[in-house]
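Asker: Below: sequence and its predicted model.
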Amino acid sequence: MTGRTHDLAAFTALSFVIVTHPLPQITLATGLVALVSNLIGGIAPDIDQPTAPFWRNLPIGGVVGRVFTPLIGGHRFISHSLIGVVVFGVGWHFLLQILKPSFPNLNMTIIWWAFMIGFVSHLLMDTITREGVPWLLPIPVKIGIPPTKAFRVQTGGIVEKFIIFPGLIALAGYIFYTNYSKVLDLLHHYLK
Ligand SMILES: [Zn+2]
C-alpha cells in the first residue's frame, strides 16, 4: 500500500477506536500530537523498505533508506511482524517517557496508543497486498488474505487507487456520520 493509503487507514482506525471507546478528557495539544503520532505509526513499518514513502518523504531519505535498510533486513522484514509491533511499541514508549517532563500538558498514554493503532493498521492493510506480511518472524512465512496471491491487492495499483482508498474515505465518513454527536461532544467538551 502507498503512504497516503496507510495514513488514511491509520486515521480511519483511530476514528473507529475513538467512537467505540469512552472519551477521555484531553488537551487540544494532546489531540493534535496524537493525530500526528497516529500518522507516523501508520507509515513507520515501512522503515524497512528503501523505496517506501517513509524514506521518500524525508529530505535525505533516499540515501538514509538505502544505508539503513540492509541493516534491518530489506523488504517487509522485522518492522512488518509481531516482533516489530513490540519493538516499536517499547521504543516509542521510552521516547515518549523521555519527552514527558518537557511536555507536562501532553497525555503520553493517548499519544502512544494513537501510534500503535496506526502501526497495527499498517500491517493489517499490507496483509491484503500481493506481498503479504511476515507476521510471525523469525518464522519466514509471509501471510496474506485471501490466501490466493492473485486475489490480493497490488501496491499502487488500480484496486488500491479506486476501491481501497475511496473505500477508506467512505468508511471514515460513515464512522463520523453515525457518531456525529459523539464527535461533536469530543470537540466541545473533551478537548480543553
Ligand atoms: Zn508496509
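Answerer: Okay, I see it. Residues are numbered from 1 along each chain as shown.
Asker: The ion contacts on this structure?
Answerer: 45-46, 126 (C-beta under 5 Å from the ion). Glycine gets a C-beta too; all of them are placed from N, C-alpha and C.
Asker: Lowest-confidence one in these?
Answerer: When it comes to pLDDT, residue 46 is the least confident member of the residues of the chain next to the ion, at 90.
Asker: number of nearby residues for it?
Answerer: One way to gauge burial is a neighbour count; for residue 46, by other C-beta atoms under 10 Å, it gives 25.
Asker: In strands, which of the residues of the chain next to the ion fall?
Answerer: For the residues of the chain next to the ion, membership in strands holds for none, with DSSP state E as the criterion.
Asker: Closest one of those residues to residue 103?
Answerer: Set against residue 103, the nearest of the residues of the chain next to the ion by C-beta to C-beta is residue 45 (25.5 Å).
Asker: check contacts around that closest one.
Answerer: Residues near residue 45 by C-beta atoms under 8 Å, 6 or more residues apart in numbering: 79-80, 84, 88, 119, 122-123, 126.
Asker: Three-state assignment for residue 37, please.
Answerer: Remark: residue 37 carries the secondary structure label helix [criterion: DSSP: H, G, I helix; E, B strand; the rest coil].
Asker: contacting residues around residue 134?
Answerer: Neighbour list for residue 134: 76-77, 80-81, 140-143 [criterion: C-beta under 8 Å, 6+ apart].
Asker: Just the buried residues of those residues.
Answerer: Members of those that pass the buried threshold by neighbour count (16 or more other C-beta atoms under 10 Å) are listed as 76-77, 80-81, 142.
Asker: Let's verify the residue nearest in space to the middle of the chain: helix, strand, or coil?
Answerer: Against the mean C-alpha coordinate of the chain, by C-alpha atoms, centre = their mean, the closest residue is residue 42 at 1.9 Å. When states are read from three-state DSSP, the local structure at residue 42 comes out as helix.
Asker: hang on, it packs against residue 116?
Answerer: No: Residue 42 is beyond contact range of residue 116, at 10.7 Å (criterion: C-beta atoms under 8 Å).
Asker: show me where pLDDT drops low in this protein?
Answerer: Within the chain, the ranges that satisfy pLDDT under 70 run 50-75, 192.
Asker: one more time with 90, if that's ok
Answerer: Judged against pLDDT under 90, the low-scoring parts of the chain cover residues 1-3, 22-27, 47-78, 140, 155-156, 182-192.
Asker: which helices and strands does the longest helix seen in it pack with?
Answerer: Longest helix of the chain, by residue count under DSSP state H: helix 108-127. Packing contacts for helix 108-127, counted by 3 or more C-beta pairs under 8 Å, 6 or more residues apart in numbering; DSSP states H and E, involve helix 3-19, helix 28-43, helix 82-99.
Asker: which of the residues in that helix are buried?
Answerer: Taking 16+ other C-beta under 10 Å as the neighbour-count basis, helix 108-127 is seen to contain the buried residues 108, 110-123, 125-127.
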